[in-house]
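> Got a predicted model here, sequence first, then my questions.
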Amino acid sequence: MHDINALKELLKEPKEVMITTHHKPDADALGSSLGLAGYLKKKGHRVTVITPSDYPNFLSWMSGNNDVIVYSESNDALVHRIIQESQVIFCLDFSALSRINEMGEYIRQAKGTKVLIDHHLEPENFADLDYSNSSAAATAELVYDLIKDMGEADMIDTSIGECLYAGIMTDTGSFRHPSTSKNVHLIIADLLHIGVNTSNIHRLIYDSSSELRLRFLGYALKDKLVVRHEYNTAYIAISADDLKAYDSKTGDTEGLVNFALSIEGIVFAAVIIDRVQAVKISFRSVGDFSVNEFSRKHFNGGGHRNAAGGMSLESLDATVAKFESLLPQYKDQLVKPVN
Ligand code: 5GP
Ligand code: MN
């Protein structure tokens, strides 16, 4: 459903609004949330952004960051009260309530109107209003289009624009993935027109590593990268001790999987990380091989065709062994694109 009039009606009078996004928010999750929050505040709503967990420091420059409530670090009762009292609950950049941990059930039972804005495949049907589109490059693109459809694009100022730019830039892999449509470039043209400093945002996100993070990257590429040419697959497995040795912070492993995918001929890449409570996996592919389906089927996850995540409750070694053992059955699909 994509009825903009229903949203116009819902947001006609000032309301108590809550916005949430997925576990370990990335730039699209946080940027789309804070961009939407900025717009709704300008319209006179009372807006609270709640994330299920913490997120990388390289996102803390976003306008509205200081008011974000991190569920895993705050008072349960406070968050439950906000969820219960919210008249409108926006769910951004995730398609299933299980992606927001314990918060998911509270939101399922909340009485406020639930609005989903997302671009993942196979969304769960939990929202009252759904503005999802799985062919969108980023949730931030959908938020931009939504504000435009509301007839209020002129309310997008540089603070809101910077948040939305960050989401679109990162989810398109800096405008190189096939999802980078004409609409994406037209939005960016609009954002440049209002004065968003795009190169500064790129630096804030990609050129803010600690020395240790860069040395960790070197270690992972030199000692942990495994290449299975037979399956055009490469992966990196990281232990909990590795993370500790390099004092790894939230976000420090983001992007690692892209290095594995950057090897010539590789079409499938994974980064498998022991996060102690569970082993988390990031999958990426180029071409037709669907990591969404692979992750859904074997690792309790999902996402997009070429970028997905999953998890395992087995040990790191057992998870790696399982991953390796699955490759032969996908040999026919793990082929290099024709051009
Ligand atoms: P990343 O590898 O960057 O964590 O995630 C890649 C994509 O897959 C993102 O769009 C993310 O939202 C999605 N994703 C990551 N982990 C999971 C998961 O455990 N379940 C589902 N359904 N999607 C995930
Ligand atoms: Mn996204």
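Thanks, I have the structure now. Keep in mind it's a predicted model, so treat the numbers as computed, not measured. Numbering: from 1, shown residues only. Ligands and ions are numbered 1, 2, ... in the order given.
> In contact with Val68: list those residues for me.
By C-beta atoms under 8 Å, 6 or more residues apart in numbering, the contact set of Val68 is 30, 34, 49-51. No exception for glycine: its C-beta is placed from N, CA and C like everyone else's.
> Would you mind measuring from it to Arg213?
With the distance defined as C-beta to C-beta, to the nearest Å, Val68 ends up 23 Å from Arg213.
> swap in Ala240?
17 Å.
> between those two, who's got more neighbours?
Neighbour count, other C-beta atoms under 10 Å: between Ala240 and Arg213, Arg213 has more, with 17 against 14.
> Quick check, Gly161 in contact with Ile194.
Yes. Between Gly161 and Ile194 there is a contact under C-beta atoms under 8 Å: 5.6 Å.
> Could you pull out the helices in the stretch 51-200 of the chain for me?
76-85, 103-109, 139-149, 158-171, 182-193, 198-206 (DSSP state H, counting those that start in this stretch).
> Of all those helices, which one is nearest ligand 1?
helix 158-171 (7.7 Å; C-beta to the nearest ligand atom).
> Alpha carbons only: can I get the closest one in CSV?
Extracted in CSV, the C-alpha atoms of helix 158-171 (Å, rounded to 0.1, in the frame of the first residue of the first chain):
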residue,chain,number,x,y,z
THR,A,158,20.8,20.9,5.2
SER,A,159,20.5,19.1,8.5
ILE,A,160,17.8,16.8,7.2
GLY,A,161,19.6,16.5,3.8
GLU,A,162,22.9,15.5,5.4
CYS,A,163,21.2,12.6,7.2
LEU,A,164,19.5,11.4,4.1
TYR,A,165,22.6,11.8,2.0
ALA,A,166,24.5,9.6,4.4
GLY,A,167,22.0,6.8,4.1
ILE,A,168,21.9,7.0,0.3
MET,A,169,25.6,7.3,-0.1
THR,A,170,26.4,4.3,2.0
ASP,A,171,23.6,1.9,0.9
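> Who are the packing partners of it?
Identification of packing neighbours for helix 158-171 by 3 or more C-beta pairs under 8 Å, 6 or more residues apart in numbering; DSSP states H and E yields helix 27-42, helix 139-149, helix 182-193, helix 198-206.
> at 6 Å what do you get?
Packed against helix 158-171 by the contact rule (3 or more C-beta pairs under 6 Å, 6 or more residues apart in numbering; DSSP states H and E) you find helix 27-42, helix 139-149, helix 198-206.
> Now tabulate those in TSV and tack on distance to ligand 1, mean neighbour count and mean pLDDT.
Converted to TSV, those look like this (distance: least, C-beta to the nearest ligand atom, whole Å; neighbours: other C-beta atoms under 10 Å; pLDDT from 0 to 100):
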stretch	distance to ligand 1	mean neighbour count	mean pLDDT
helix 27-42	7	27	98
helix 139-149	9	24	98
helix 198-206	14	15	98
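> Which of those helices sits closest to Lys280?
helix 27-42 (15.6 Å; C-beta to C-beta).
> between the closest one and helix 198-206, how many degrees?
In terms of direction (axes from the mean of the first three to the mean of the last three C-alpha atoms, to 10 degrees), helix 27-42 departs from helix 198-206 by 120 degrees.
> Helix 27-42: how far from the chain's middle?
Centroid separation for helix 27-42 versus its chain: 14 Å, with C-alpha atoms, centre = their mean, to the nearest Å.
> and that helix, anywhere near ligand 2?
Yes. Helix 27-42 is in contact with ligand 2 by C-beta under 5 Å from the ion, via Asp28.
> Kindly report the same for stretch 87-94.
Yes. For stretch 87-94, a contact with ligand 2 is found by C-beta under 5 Å from the ion, at Asp93.
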